[in-house]
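Engineer: sequence first, then the predicted structure:
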Amino acid sequence: MDASHKIRWLERSDETEIKRIFAAQNLDCILPPMFPQNEEGHTKSRARNVIVRVGAVDSNNHVRMAILGHRTVEAYFLIDRDWATPGERYGAFLELHNYACAVGSQLGYEDVQALIPPAVEKPFGRRLLSLGWGRNLWACYSREL
């Protein structure tokens, strides 16, 4: 097997190969739209945040690997626990949460992630779940660029 390859930006013409590779992995998730416009030029909103589309192609220019980079918001919540009553703080948090979500949406973001410290994950995680958040089943790794 020839392992020679080159790295290049993905093109719409690569989409079929990328879908084939994705399907063969049998992952329990959905491949996000990769390109902001479909073939007819209509914008697919969820694809506008896929801002990195790179692949490793073989000597015949067939995609063998791909990385899709999705732009997302990472949220940090800071609170002065000495301020107000717990109920008042939660009411203020709800307002702040809704406002921050609206701002992110207006800026074109489609999702937000929050990394919750283990010490507060159980009580705070329940509150986030009640607000429509989900808990990821897959491990999340990060690094600075």
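Structural biologist: Done, it's in.
Engineer: give me the distance between residue 66 and residue 136.
Structural biologist: 21 Å (CB to CB, to the nearest Å). No exception for glycine: its C-beta is placed from N, CA and C like everyone else's.
Engineer: hang on, I meant residue 50
Structural biologist: For residue 50, the distance to residue 136 - CB to CB - is 18 Å.
Engineer: more neighbours: which of those two?
Structural biologist: residue 50 (18 against 8; other CB atoms under 10 Å).
Engineer: that one and residue 18 touch, don't they?
Structural biologist: No: applying CB atoms under 8 Å as the test, residue 50 and residue 18 come out as separate, 11.4 Å apart.
Engineer: pLDDT score assigned to the nearest residue to residue 51 once chain neighbours are set aside?
Structural biologist: Distances taken as CB to CB, 6 or more residues apart in numbering put residue 71 closest to residue 51, at 5.1 Å, once the chain neighbours are dropped. pLDDT recorded at residue 71 is 89.
Engineer: check contacts around residue 71.
Structural biologist: 49, 50, 51, 109 (CB atoms under 8 Å, 6 or more residues apart in numbering).
Engineer: swap the cut-off to 7 Å and go again
Structural biologist: 49, 51, 109 (CB atoms under 7 Å, 6 or more residues apart in numbering).
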